[in-house]
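**Student:** kindly generate the corresponding structure for this input.
(one chain, ligands or ions: 1)
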Amino acid sequence: QVLNRTNLVSQITFFLRASKTALSPGDDREKRLLDHVVSTTPAGDAFAVVQAIDDYAWSKEWFMNVGDQKGKILDEAVHNASKSTPGPLSVLELGTYCAYSAIRTIAHAPKGTHLYTLEVVEKTADIAERMIAHAGLQQQITVLRGPLEDLIHQDPLRSLPPFDVVFIDHNKRYYVSDLKLLMKAGKLREGSVVVGDNLLIPGVPEYIEYMNSPEGKEAFDTAFHDAKLEYTWAPTSWGFADQVGVSVFKGPTSMS
Ligand SMILES: C[S@@+](CC[C@H](N)C(=O)[O-])C[C@H]1O[C@@H](n2cnc3c(N)ncnc32)[C@H](O)[C@@H]1O
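**Tutor:** Numbers count the residues shown, from 1 in each chain. Predicted coordinates:
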């Protein structure tokens, strides 16, 4: 069962009004999602939590999670990072929302991997922490409240070594500046994998431009993966085509 076209379009329109900030719409749908997950899945089963979130988002209400389709690109990026870095990974996520991608990433990452995820909306961070606790991943996922420009100067981020994987999925306005902040702070090392979501919808043209610029190409090898906007099944005819960027950091450059 999937949401019908009218329902889906109206729900996505509702979300895209807040597209520049990607802040939650404030209609308590995140709480309804949490209640659904807690009441339909056993505690401590991360894969069941991910599946329940996908089922709910496909059939009941639309959510701005990375989703099951683009999620596979993220899973593969994590998998590739773990091939070059045996053992547990260190992951940074910008944009927690309901912790779907955080839980999904840990479920697919090597044992012992730790993920730090940043969220600026307190109410959303509360929901995420409860979702993470239900999935039994409190030891592996740390929710940090605030923007990167503040938290980068505080522990734990300040004293952490470079991340193996960075997932950028927050306010579209800060994709490039936050990426540069991470490079400047030495939080990327040669081989770090940076994944950027929603490059076409809501759209982050300046991120695509940066990755295609001489500066971006000197610092990163980027592949742009065509994808469908989360929880939609007809991308081209309805204009719901999206793209996910997967960039491998080549190491500090003269410009970074
Ligand atoms: C698209 S959602 C993240 C979805 C999540 N990564 C997933 O796939 O499950 C974007 C989230 O970023 C948060 N956000 C917006 N601006 C932010 C910022 N500057 N730093 C961190 N989070 C931010 C929003 O409140 C929202 O919860």
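
**Student:** so is stretch 95-102 next to the ligand?
**Tutor:** Yes. Interface with the ligand: stretch 95-102 contributes 95-97, 100-101 (CB under 6 Å from any ligand atom). Any C-beta I mention is one placed from the backbone N, CA and C, and that applies to glycine too.

**Student:** assign residue 117 to helix, strand or coil.
**Tutor:** What DSSP: H, G, I helix; E, B strand; the rest coil gives for residue 117 is strand.

**Student:** before we move on, the earlier item: hmm, which two among the residues of stretch 95-102 next to the ligand are most spread apart?
**Tutor:** Farthest pair in the residues of stretch 95-102 next to the ligand (CB to CB) is 95 and 100. Separation: 10.7 Å.

**Student:** more neighbours: which of these two?
**Tutor:** Legend: neighbour count by other CB atoms under 10 Å for residue 95 and residue 100, higher for residue 100 (26 against 23).

**Student:** shaky segments in the stretch 101-250 of the chain?
**Tutor:** By pLDDT under 70, the weakly predicted segments of the stretch 101-250 of the chain are 234-239.

**Student:** what segments of it are strands?
**Tutor:** Along the stretch 101-250 of the chain, the stretches classed as strands by DSSP state E, counting those that start in this stretch are 114-119, 141-145, 163-168, 188-196, 220-228, 241-249.

**Student:** out of those, deepest packed?
**Tutor:** Of all these, strand 163-168 carries the top mean neighbour count, a mean of 25, counting by mean count of other CB atoms under 10 Å.

**Student:** helices or strands up against that one?
**Tutor:** Secondary-structure packing of strand 163-168 (3 or more CB pairs under 8 Å, 6 or more residues apart in numbering; DSSP states H and E): helix 67-84, strand 90-94, helix 100-108, helix 175-184, strand 188-196.

**Student:** which stretch among the strands of the stretch 101-250 of the chain comes nearest residue 50?
**Tutor:** Using CB to CB, the nearest of the strands of the stretch 101-250 of the chain to residue 50 is strand 141-145, at 13.1 Å.

**Student:** so what are the sheet partners of that closest one and their directions?
**Tutor:** Here strand 141-145 is paired, per DSSP bridges, with strand 114-119 (parallel).

**Student:** what separates the strand it pairs with from the chain centre, distance-wise?
**Tutor:** Distance of strand 114-119 from the chain centroid (CA atoms, centre = their mean, to the nearest Å) equals 10 Å.
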